[in-house]
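Colleague: Following is a predicted model, sequence given first.
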Amino acid sequence: MTLRREFWYLFVGGVANGFLYGMVAVGYTLVYGVLRLINFAHSEIFMSGGFAGYFVMKAMIGSSVPSGFATVYLIVIGIVAGGVVGAIVATLLERVAYRPLRRRNAPKLAYLISAIGSSYFLFNLAGKEFGRYSISVPQPYVNHTVFTIFGAPVQLYYIVILIVGVVMFLGLDRVVATTKLGRGIRAVAQDAETASLMGVNIDRTIAMTFIVGGALGGAAGFLFGLGTGVVFTMGFTPALKAFTAAVLGGIGNLRGAMIGGLLLGVVESLSVVFVQAAYIDVVAFGILVAVLLIRPTGLLGERLGRAA
Amino acid sequence: MKLRLNKTVAMAASGALLLMAVPAIGLASTSGAAVKAKPTYTIGYEGPLSGGNQQLGLNMVFAVQLAINQANATGKLPFKLQLKTYDDQGDPTIAPTQAQAAVHNKNLVALVGPAFSGATAAAEPYYKAAHIATVSPSATRVSLATSGWNNFFRVVADDGVQGPADATYMVKKLGKNSVYVVNDGTSYGQGVASAFATQATSLGATVATATVPGTSQCQNGTASATQYSAAATQVVASGAKGMFYGGYYCDLGLFLGALQSAGYTGAIMSDDGSLSPALISSTTPASAANGVYLTCACASSTNKTFNAKYQALAHFSAANATYAPESYDATNAIINAMKSLKKVTRIGIVNALHKLTWKGMTKVIKFQKNGNISGSAIYVNQVKNGVIVQLGLE
């Protein structure tokens, strides 16, 4: 593999990872926007989406080898399954772990503990129920090289992520920018009290925020599991990276989360050109610190970043 | 704990003064059982019974249980045996806690395990202090035998044998004159990979090495599973004809998928840590595991009686249960050592094991002075159509 070919291979892989990080980062940033809290149980939304996708794929594929239309159909089903289960888990989290605290005006620290507690509860429950070992997800396609860029193979798996990622990002961006729900989310993010005076139903808006973030996180979990397999701890590292991406882009800023995710994915992937794989995280987090030193609010985090 | 100690002190004071000379913990297990009914002794097992490497632990623990069940069933022993398991998840940070729990179990006289090298290194000082014989079916790090633990035994050849034998097979038999050697950053993976690299270099092959740390996906580190596509690119970019992976099946499974995507077509070989059917079920897609060579100081069991009984107990086949035959031999070695004793004590078993010569199922169990098994062989297996097939001796 020549250097140029290696570069493009890593770049494509990095963009695909970046989209996954971005999809999860959006969940962090949306919740931060409306609640000013980091939903540390988001990793488990990701994980439950992965398992939902696994069970659906297992039931529908079995030992067959799907292709053509069946592949598209199965991927859509998997994304919907991951998204729906992710949204359900997110809603449960909001209801059980956050809303009671919000009603009682609990200090921020209580939210943090409740978030971490829910995370441990959920992934240990998954470990107990589904086994504590990595399981490969039945494939809805035969992964192969679809085309090459400068000799670097581009896999079908990456193309699936790219398409889903772009559709989800554009869709979400439109929803937040143009719909009534989106206006509500932005209003609550800017000033919850005033928004409620203006007739925005805060409880409903927060619940919807969790559902949207959860759906994206769950769908990302399915896509991640498709390439890597599912296991109860699968959410830990990707979600930590996604949180990093959200901070990198400017927490609370939607486009920032997407850009932060892409940037982190590409940077950590390309760092392999210069250093060994063992240094990926060193490079990625070194860059995070460097960016935050120069722009403490993150890349796009101007208005909302200040509130942190 | 305190209360019990007081009791034993009172007993000793009431007449049996000679007991004072026996180490405190050994005393409790022997004097407590000095009644007419057959005494019951506990044989421990320490290994991964949860976590990403759970399957290896399960392979072993059913064999230990089988050996104990069979020994009890004969009715000829002057004692009864029971099993107590200590789950260290293969993790050196958990192993010391588990070892301490085992040491404090006064009825525990000897232990099969610890399963993993890193865990063994961390746990062994506690066992040594309590004079508990540990017979490992699978800990293969060379330095374990040279750490001055006279209670340490293993029924398997060490990495000093496996790594070089693997390199010889890769370079000489498969004819790969350029190899890329990866380790997972664990002490086990590093040990076997560096032994491989040294031997491959001395055989004249071009050798490149890299550490690709274990992932949180496999509960074997904190790295991200996404690193493997990058690592695979490096393997391909190096132009190596063969790759050796020192590590465990779960992370190797992730790596194999990435290697296939990156278009790697050379030979892939790994060690006994990867020798598990779970390698295939954790590889996406499973076909990426085909052709991989997996070597082991252990042999697959071809003993039909053992296989049938093991299957009945474990509900999975002994054929692919890595280290099950060795665990069975390790347990029986302990039982044989116990039989040779008039009075079963922890230190007594240690001494008896040093003298033991007994024909086990896998090989003759006779230990060198440092606890290593005398004489051994490395077997090579290959994944063919999703099934691990034993090819024979290297």
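Modeller: On my side now, so go ahead.

Colleague: Close to chain B: what parts of the stretch 151-300 of chain A are there?
Modeller: The stretch 151-300 of chain A has residues A:153, A:155, A:157, A:226-229, A:231, A:233-234, A:236-238, A:241, A:265, A:268-269, A:271-272, A:276-278, A:280-281 near chain B, with proximity defined as CB under 8 Å from any CB of the partner chain. C-betas here are computed from N, CA, C, even on glycine.

Colleague: and if you look at the stretch 1-150 of chain A?
Modeller: A:1, A:3, A:6, A:9-10, A:13, A:17, A:127, A:132-137, A:139, A:142-143, A:145.

Colleague: Which members of the residues you listed are positioned in helices?
Modeller: Among those, the members falling in helices (DSSP state H) are A:3, A:6, A:9, A:10, A:13, A:17, A:127.

Colleague: which ones are touching the second one?
Modeller: Shown here is residue A:6, whose contacts under the criterion CB atoms under 8 Å, 6 or more residues apart in numbering or on different chains are A:152, A:273, B:233, B:236, B:237.

Colleague: In the stretch 1-150 of chain B, what residue comes closest to chain A?
Modeller: residue B:50 (5.2 Å; CB to the nearest CB).

Colleague: what about that residue, which SS state?
Modeller: With DSSP: H, G, I helix; E, B strand; the rest coil as the basis, residue B:50 sits in coil.

Colleague: do the same with residue B:209
Modeller: For residue B:209, the secondary structure call by three-state DSSP comes out as strand.

Colleague: Check which helix or strand the closest residue to it other than its chain neighbours maps to.
Modeller: Once flanking residues are discounted, residue B:209 sits nearest to residue B:181: 4.6 Å by CB to CB, 6 or more residues apart in numbering or on different chains. Secondary structure from DSSP states H and E places residue B:181 in strand B:178-183.

Colleague: Next SSE downstream of that strand?
Modeller: Later in the chain than strand B:178-183, the nearest helix or strand by DSSP H and E is helix B:187-202.

Colleague: Can that following helix be said to contact chain A?
Modeller: No. Helix B:187-202 does not reach chain A (CB under 8 Å from any CB); its nearest approach is 11.8 Å.

Colleague: Give me the distance between residue B:196 and chain A.
Modeller: 18 Å (CB to the nearest CB, to the nearest Å).

Colleague: wait, what's in contact with that residue?
Modeller: Here residue B:196 is in contact with B:163, B:164, B:166, B:167, B:170, B:181, B:244, B:246 (CB under 8 Å, 6+ apart).

Colleague: Low-confidence stretches in the chain?
Modeller: Chain wasn't specified; assuming chain A. Scanning chain A for pLDDT under 70 picks out the ranges A:1, A:302-308.

Colleague: my bad, chain B
Modeller: B:1-36, B:375-377, B:393-394.

Colleague: Show me the helices in it, by range?
Modeller: According to DSSP H, the helices that chain B contains are B:2-13, B:24-32, B:54-74, B:95-104, B:117-129, B:159-168, B:187-202, B:227-238, B:249-261, B:278-281, B:304-314, B:324-339, B:346-355.

Colleague: Of the ones you listed, flag the one that's most buried.
Modeller: The highest average neighbour count among these, using mean count of other CB atoms under 10 Å in any protein chain shown, belongs to helix B:249-261 at a mean of 29.

Colleague: Many thanks, we can stop here.
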